[in-house]
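1. the following block contains a protein sequence and its predicted model.
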2 protein chains.
Amino acid sequence: MQSVMLGIDIGGTNTAYGFVGEDGILLSDGQIPTLAGEGPEQLLERLTTLTVKGRDKLAAEVNLIGVGIGAPNGNYYTGNIENPPNLGWPTVPFARMMSKKLNLPVAITNDANATAIGEKYFGAARDMENFVVITLGTGLGSGIYVNNELVYGEDGFAGELGHTCVQVKGRDCACGNQGCLETYVSATGLKRTVFELLSRRTGKSTLREVSFNNLSGQQIAEFALAGDIIAREAFQITGEYLGVALANAAAFSRPEAFILFGGMVAAGELIVNPTYMAMERHLLGVYRGKINILTSALPGSSAAVLGAAALAWNEAKNKEKF
Amino acid sequence: MQSVMLGIDIGGTNTAYGFVGEDGILLSDGQIPTLAGEGPEQLLERLTTLTVKGRDKLAAEVNLIGVGIGAPNGNYYTGNIENPPNLGWPTVPFARMMSKKLNLPVAITNDANATAIGEKYFGAARDMENFVVITLGTGLGSGIYVNNELVYGEDGFAGELGHTCVQVKGRDCACGNQGCLETYVSATGLKRTVFELLSRRTGKSTLREVSFNNLSGQQIAEFALAGDIIAREAFQITGEYLGVALANAAAFSRPEAFILFGGMVAAGELIVNPTYMAMERHLLGVYRGKINILTSALPGSSAAVLGAAALAWNEAKNKEKF
């Protein structure tokens, strides 16, 4: 009988789950609306029902031995989801609550950290001991491996490269600071750059027809691929900011590679090329030509669930009691 | 009989050495001119002679079991001193050469890393698992602990925060880049800020009497303490740059504390206060009020030697063969 972990990815809108073997094969998966407004207990209840159902269905073939959760502000040390801004909850001891319900060990971390563990177990970082995963979505998240271990820091909240300052007195950030990396490098940052360029440039662009609220990162990528000059410049600028940030991160931990993950990565060379060039230009001489920029090797649709399951597999490997 | 390590700090001008017990007590120490121009073999020869002499003198009381070296571009992984710019040497396998001469295990790293290990064993970081040491001298060095281990990265050259970019298209750096932290935060950076202020401000200042080449960081500190308004503003600006850089480093590894080391630290509150205020202002909300800025607890005159010896003690603790 095969052992499996349940991976759960709690998002602002949807929560995805899946049973994952040690080989990274997804045996069964699904998705439910998070309905954050109804509170954490309600989500827990529905997840528990699904887990029991899923386990019973697979029971003849598998043995469910633990649960890994990726959640906004998920804290690995405490097992809490701490004041998640996009769920509107207070701090909730979610891992403990779920562990009690299922009588199984449950580990939790934030989504970017879960993705990094996913890349380590099942993705592009299998053979790496030092690497940094950058997740590009509405914001910018990061998960960092140093000496073959994920960096949680003193209180579980390390790895927030989205909130490093890349422009003194730069763009306002939702965190209250100015010039944070994610105000430039993320789907939202890309959109802000488009609007800055629409104000500075005079050239024609289909982007002049679209309102701020109606514009998505996906659209900007499509416009850029179709040759829109503003969209292309926006990707160029985004890549330059990201490249400087990666050069700075390299000076910290000298990783073997950076791994880019998320919707924006679909733009391929449009984002990777300017990023690599800016990184190389800003790297200290001894690092030049030695650090790769890779794109995620996890299947986009199930990456978050695989990452959450990888967290649980990592616990099982490193802790006796998990 | 007490076991001791020999700690050696190779500098551009002088090389200091000392025999250090596991308790951090310096039993005997001294200093010789590095005379880098005569080559590494010559320095090795003189160091070997001194070591044998020192050991024989202490022989009745102690047992010398290993050597730790802090050197510019010292690479822990390879044992080499790699193209040290201020010594003018090519890459030299110094650890191996010395080990052969003395028939003792020899470890090497750069001076900032050695200082960080020194703080961990004998200084301000004894009980910390996550901290960052910033060394402020002619340049800015750093030594980083994550999960109770020093961060060497993929090739031994991690922890170069002096070369993170804090100002896009900022000051020229000796490394070839622009806007590197050490062009603002270091004795040289402080001096450059003084000269920028002399060009921008109109107020009286004793600093208007001193040439660039004649001005030292020490002097600027003395002028600032005596109330010179340009010198005080220069410290303020230096602290603000450092504070932003520390906030950025915090987003990477969420350390318990930053530990400042070096001549500039003698300026005390003049540098620490603006640094702390800027760091707090730029920290992500979840980190605020939780990260200390401390000054080194190593005795300034022998800190480098203690750090180098701590490197050797750390090897003895973690490796069987050392």
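-> Arrived safely, thanks for sending. Note that the structure is predicted; figures quoted are calculated from it, not measured.
2. flag every residue of the stretch 51-200 of chain A that's near chain B.
-> Residues of the stretch 51-200 of chain A lying near chain B by CB under 8 Å from any CB of the partner chain: A:82, A:129-130, A:144, A:146-147, A:149, A:151-155, A:157-161, A:163-168, A:175-177. Every residue, glycine included, has its C-beta placed from N, CA and C.
3. now the strands for the stretch 1-150 of chain A?
-> For the stretch 1-150 of chain A, the strands defined by DSSP state E, counting those that start in this stretch occupy A:2-10, A:14-21, A:26-33, A:62-70, A:106-109, A:131-136, A:140-146, A:149-150.
4. to B:Q31, which of these lies closest?
-> strand A:140-146 (35.3 Å; CB to CB).
5. relative orientation of that closest one and strand A:131-136 in degrees?
-> Orientation check (axes from the mean of the first three to the mean of the last three CA atoms, to 10 degrees): strand A:140-146 against strand A:131-136 gives 170 degrees.
6. what's the closest non-adjacent residue to A:G18?
-> A:D29 (3.2 Å; CB to CB, 6 or more residues apart in numbering or on different chains).
7. A:E233 touches A:L197, doesn't it?
-> Yes: the pair A:E233 and A:L197 qualifies as a contact (CB atoms under 8 Å) at a distance of 5.7 Å.
8. quick one, what contacts the residue nearest to A:G18?
-> Contacts of A:D29 were listed using CB atoms under 8 Å, 6 or more residues apart in numbering or on different chains, and they are A:16-19, A:302, A:305.
9. in TSV, list those along with pLDDT and neighbour count.
-> Shown next, in TSV, are those (pLDDT from 0 to 100; neighbours: other CB atoms under 10 Å in any protein chain shown):
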residue	pLDDT	neighbour count
A:A16	96	21
A:Y17	96	25
A:G18	96	23
A:F19	95	24
A:S302	90	20
A:V305	96	29
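10. quick check: A:G141 vs chain B, distance?
-> Computed as CB to the nearest CB, to the nearest Å, the A:G141 to chain B distance reads 11 Å.
11. looking at it, that residue is touching A:A114, isn't it?
-> No: A:G141 sits out of contact with A:A114 when judged by CB under 8 Å, with a separation of 9.8 Å.
12. quick revisit: pick out whichever of the contacts of A:D29 sits closest to B:G11.
-> A:V305 (53.8 Å).
13. surely the closest one is in contact with A:M5?
-> No: using CB under 8 Å, A:V305 is not in contact with A:M5; the gap is 10.1 Å.
14. can you list residues touching both of these two?
-> In contact with both A:V305 and A:M5: A:V20, using CB under 8 Å, 6+ apart.
15. quick check: closest non-adjacent residue to the one residue in the stretch 201-322 of chain A that gets nearest to chain B.
-> Across the stretch 201-322 of chain A, no residue is closer to chain B than A:R254, which sits at 2.6 Å (CB to the nearest CB). Take A:R254 and drop its neighbours on the chain: the residue closest to it by CB to CB, 6+ apart is B:G153, 2.6 Å away.
16. helix or strand: which one has that neighbour?
-> B:G153 is part of no helix or strand, with elements assigned from DSSP states H and E.
17. return the residues in contact with it.
-> Taking CB under 8 Å, 6+ apart, one finds A:130, A:146, A:253-255, B:159 in contact with B:G153.
18. could you dump these into CSV and include neighbour count?
-> CSV is the format used below for these (neighbours: other CB atoms under 10 Å in any protein chain shown):
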residue, neighbour count
A:N130, 23
A:V146, 26
A:S253, 24
A:R254, 24
A:P255, 26
B:G159, 26
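19. the closest residue to A:I230 other than its chain neighbours - how many residues pack around it?
-> Nearest residue to A:I230, sequence neighbours excluded (CB to CB, 6+ apart): A:S205, at 4.0 Å. Using other CB atoms under 10 Å in any protein chain shown, A:S205 has 20 neighbouring residues.
20. with A:T13 instead?
-> 10.
21. find the nearest non-adjacent residue to it, please.
-> Spatially, and ignoring its direct neighbours in sequence, A:T13 is nearest to A:T34 (6.1 Å; CB to CB, 6+ apart).
22. show me the contacts for that neighbour.
-> With the criterion set at CB under 8 Å, 6+ apart, A:T34 makes contact with A:10-15, A:43, A:87.
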